[in-house]
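Asks: need a 3D model of the sequence below.
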Amino acid sequence: MVNTNAQLKYQATRISTATKEQLLLITYDIGIKACHTAENALTAKNPDYDLANREVIRAQEVVRELMVTLNREKGGDMADKLMQLYEYMYQLLVDANMKKDPENIKTVRGMLEELKQTWESALMKLLQEYQAAHPDDKDLQNAMAEIEGKKTPATVPTVSTANTTVKQNAKSGSFTLAG
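Replies: Below is the predicted model of the structure:
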């Protein structure tokens, strides 16, 4: 119980202090984890349909949140296409829950993983462009070296340069960029 309370406090702090980019990655992570848990619940020797149902509903909530927070005015055609993808994912999850189909859940999980990876790659590209424009920024050079695995970080780095903050997740190797 103590471990659970500590985890909940950590998660609450992580969310309350997160940038919009970090929140997006956290949202993807929650959806991916929910799909993974639902898949395992359905494919177990003794399937746990209640757990699968709860986790599919959680994944549906994540997809709905992604839909609600999508800025279609600023995003234009790209946002419209992303909305269509989210609608498709949501429908796959509804069907998966009704039919207890782990394949649909696996499909959605794969899409969420791909979207998260794409977002992280875009952030890395922005970071590299910023680095090219600011070659003398030692803090950024150190952060980039750690992200690229050139040296092992002793702690999770947080580097602020101008209006940009870079944070690396030591466990997953992912990072976020805010500014």
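
Asks: just the pLDDT for Lys151.
Replies: Residue-level confidence at Lys151 comes out at 49, pLDDT.

Asks: likewise Leu8?
Replies: 72.

Asks: report the separation between it and Gln22.
Replies: Separation of Leu8 from Gln22 (CB to CB, to the nearest Å): 18 Å. For glycine as for every other residue, the C-beta is placed from the backbone atoms N, C-alpha and C.

Asks: more crowded one of the two?
Replies: Gln22 (20 against 10; other CB atoms under 10 Å).

Asks: give the burial count for Lys45, as a bare number.
Replies: For Lys45, the count of nearby residues is 4 (other CB under 10 Å).

Asks: which of the three states applies to it?
Replies: coil (DSSP: H, G, I helix; E, B strand; the rest coil).

Asks: please identify the helix or strand for Leu23.
Replies: Using DSSP states H and E, Leu23 sits within helix 20-43.

Asks: would you tell me what the next helix or strand after that helix is?
Replies: helix 49-69.

Asks: okay, the angle between the helix holding Leu23 and helix 49-69?
Replies: Orientation of helix 20-43 against helix 49-69 (axes from the mean of the first three to the mean of the last three CA atoms, to 10 degrees) gives an angle of 150 degrees.

Asks: could you pull out the strands for this protein?
Replies: 158-161, 164-168, 175-178 (DSSP state E).

Asks: so how far is stretch 76-90 from its chain's centroid?
Replies: Using CA atoms, centre = their mean, to the nearest Å, the distance from the centre of stretch 76-90 to the centre of the chain it belongs to is 17 Å.

Asks: buried stuff in it?
Replies: Neighbour-count burial for stretch 76-90, with 16 or more other CB atoms under 10 Å as criterion, is recorded at 82, 86, 89-90.
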